[in-house]
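[1] sequence first, then the predicted structure:
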Amino acid sequence: MRVGSAAPEGSDPTGGSPPQNQSSSTYRPVATETAADRPVATETAADHRVAAAEPEAADRPQAARSDPPERPSTFAALHIRNYRLFFAGQVVSNTGTWMQRIAQDWLVLQITNSPLAVGITTALQFLPMLLFGLWGGLIADRYPKRRLLLITQTAMGGLAAILTVLTLTGVVQVWQVYLIALGLGLATVVDNPARQTFVNEMVPKPLVRNAVSLNSGNFQLARMVGPAVAGVLISLVGIGWAFAFNAVSFLAVLAALTAMRTRELQRMPLAPRGPGQLREGLHYVRRTPALLWPIVLVFFVGTFGYNFPIILSAYTKDVFDSGADVYGLLNTALAAGSVIGALVAARRARSHLAVLFAAAAAVGLSLVVLGLTPWFIPFVAFLLVVGFVSVTFNTLGNTSVQLASDPELRGRVMSLYMLVFMGGTPLGSLLVGAITERWGAPVALILSGSVCVAAAVVAAILAARSAGISVHVNLHRHAQRQLAAGDRPA
């Protein structure tokens, strides 16, 4: 199942070739990337540690000082025609995805009257990513991503159409839903890394961070709209029509991909076939601090910090003694904060690795404060803050990993990123669910947040030591020593 999305292979724009999309964009980078800007330049064969400090301004290449403004407009990436098409298609498609998620769970519950069956359906949909996710990243590295997306989106739309027919004709059985969920999971194995990395081909490198942030906002907006529309549609005309909407929504993505001007896509080199390529990707992450530490943080925050369905449902029932209307309100507040966070993150042109550590700690602290808030209105208001910092961390992690990855390895790196993120969530759900059942949702929130804070602090200290940086508190505005893995312009 998608959360949001190749060009003919060729030279990599990160090697210095100018973006080919300038005719349709009002955003024009002043200079192409220099060797100092390349993430792979942060390590050598003899030393895999990041530099201890940022170069002095006088030592930086002139082209690097001519980079685009530090704060681009919020919707800068939408000036690019190909990305604008992609974004519009995703608005429709993400809404359809959320509608199907709600309708699918409700259908299984209606057929079986078993919450366990709903859990099996969800597990089948995510199982392929856990088992084959790294292979999906390798496929995304080897083949043109636009072509892969045309294939995966067609397959996913076909599965939604089959479920529509089965449901509307009244012959649907739970084993059929299981198979379709498994099929969607298999398509997602390739679709996810291909879609995540395709943004690097649609926009020039200085706008990648902006585009990823807009994708997050797109997804969170659909998270608010999709379930509401699904609820109305199911109550008025039945479950099958929610599946029908999702099936049709794939046409928007396919139309957008087909209408793109392939000559304006940023040409990325494709990985050749060869032995040991999965191992190569894992080794590449292990020896590159700018990739290793974000992925470590994503594991801890994803495992312990993102268990909102469990927490919010428990708060609704046990703390606020309410029903589905309050549960929907809590989820809406969380999603609204996420949309705001995504739009604010879209204006960030660059970030340091230290900012990512701070964002992870902020997620943990916000969960602790939320757990200490027993009153309904302040709780809802602070959910906006939680949504804001959560999507800020997500966006920083995603863009940091993409921008620090070699283009030929980016698919494998992003598949590992998503594998860690999605693979930790089921484990965290079990732990947080058990704590919630025994000691209550507030205790679960406080413990989960504390783990996130501790992980951020420990990871920051280890990263600093590996870079040869002494850790100290610096309250001066213009601190000179940074974790240089994140000092490079985005």
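    Structure received.
[2] and the strand or helix carrying residue 94, what's buried?
    Using DSSP states H and E, residue 94 maps to helix 81-112. Across helix 81-112, burial judged by 16 or more other Cβ atoms under 10 Å covers 81-108, 112. Every residue, glycine included, has its C-beta placed from N, CA and C.
[3] dump stretch 317-333 to CSV, keeping only the CA atoms.
    Output in CSV follows, covering the C-alpha atoms of stretch 317-333 (Å, rounded to 0.1, in the frame of the first residue of the first chain):
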residue,chain,number,x,y,z
LYS,A,317,-12.1,4.7,26.1
ASP,A,318,-10.3,4.7,29.5
VAL,A,319,-9.2,8.3,30.2
PHE,A,320,-11.9,10.4,28.5
ASP,A,321,-14.7,7.7,28.6
SER,A,322,-15.9,8.5,25.1
GLY,A,323,-16.6,6.9,21.8
ALA,A,324,-15.7,6.9,18.1
ASP,A,325,-16.4,10.7,17.7
VAL,A,326,-13.7,11.6,20.2
TYR,A,327,-11.3,9.0,18.7
GLY,A,328,-11.8,10.6,15.3
LEU,A,329,-11.2,14.1,16.8
LEU,A,330,-7.9,13.0,18.4
ASN,A,331,-6.7,11.5,15.1
THR,A,332,-7.7,14.7,13.2
ALA,A,333,-5.8,16.9,15.7
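[4] what average pLDDT does it get?
    Mean pLDDT, stretch 317-333: 80.
[5] name the nearest residue to residue 396, ignoring sequence neighbours.
    Spatial nearest neighbour of residue 396, chain neighbours left out: residue 356 (4.9 Å); criterion: Cβ to Cβ, 6 or more residues apart in numbering.
[6] any stretches of the chain with poor pLDDT?
    For the chain, the stretches with pLDDT under 70 are 1-72, 115, 324, 349-351, 467-490.
[7] any idea how far residue 224 is from residue 334?
    To residue 334, residue 224 is 9 Å away according to Cβ to Cβ, to the nearest Å.
[8] for the stretch 251-400 of the chain, which segments count as strands?
    Along the stretch 251-400 of the chain, no stretch is classed among the strands by DSSP state E, counting those that start in this stretch.
[9] okay, now residue 257: neighbour count?
    The number of residues packed near residue 257 is 21, by other Cβ atoms under 10 Å.
[10] so that it lines up with my notes, have the first residue be 126 from now on.
    Sure thing, new numbering starts at 126, so read that last one as residue 382.
[11] now for it: which residues touch it?
    Neighbouring residues of residue 382 by Cβ atoms under 8 Å, 6 or more residues apart in numbering: 210-211, 214, 271, 274-275, 278.
[12] with respect to residue 252, which of these is nearest?
    Distance to residue 252, by Cβ to Cβ, is smallest for residue 278 among the contacts of residue 382, at 20.8 Å.
[13] neighbour-wise, which of residue 349 and residue 459 wins?
    Set residue 349 next to residue 459 and count neighbours by other Cβ under 10 Å: residue 459 wins out with 23 against 20.
[14] quick one: that one and residue 433 touch, right?
    Yes: in this structure, residue 459 is within contact of residue 433 by Cβ atoms under 8 Å, at 6.2 Å.
[15] spit out the contact partners of residue 341.
    Contacts for residue 341 were tallied using Cβ under 8 Å, 6+ apart; they are 129, 463, 466-467, 470, 516, 519-520, 523.
[16] show me the residues you listed that map onto helices.
    Counted as lying in helices by DSSP state H, out of the contacts of residue 341, are 463, 466-467, 470, 516, 519-520, 523.
[17] now render those residues as TSV, adding distance to residue 265.
    Listed next are the ones in helices among the contacts of residue 341 as TSV, based on distance: Cβ to Cβ, whole Å:
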residue	distance to residue 265
463	26
466	27
467	24
470	24
516	24
519	20
520	20
523	15
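[18] switch these over to TSV; also include neighbour count and distance to residue 362.
    Formatted as TSV, these follow (neighbours: other Cβ atoms under 10 Å; distance: Cβ to Cβ, whole Å):
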residue	neighbour count	distance to residue 362
463	28	30
466	26	35
467	26	32
470	27	38
516	28	33
519	26	35
520	27	37
523	25	37
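[19] so which of those is the closest to residue 541?
    Using Cβ to Cβ, the ones in helices among the contacts of residue 341 come closest to residue 541 at residue 523, 12.7 Å.
[20] for the residue lying closest to that closest one once chain neighbours are set aside, give me its contacts.
    Spatially, and ignoring its direct neighbours in sequence, residue 523 is nearest to residue 337 (5.4 Å; Cβ to Cβ, 6+ apart). Each residue near residue 337 by Cβ under 8 Å, 6+ apart is listed here: 324, 520, 523-524, 527.
[21] for the residues you listed, which two are the farthest from each other?
    Using Cβ to Cβ, the contacts of residue 337 reach their maximum pairwise distance at 324 and 520, which is 12.0 Å.
[22] secondary structure class for residue 541?
    Going by DSSP: H, G, I helix; E, B strand; the rest coil, the secondary structure assigned to residue 541 is helix.
[23] residue 265 versus that one, what's the distance?
    Counting by Cβ to Cβ, the gap between residue 541 and residue 265 amounts to 12 Å.
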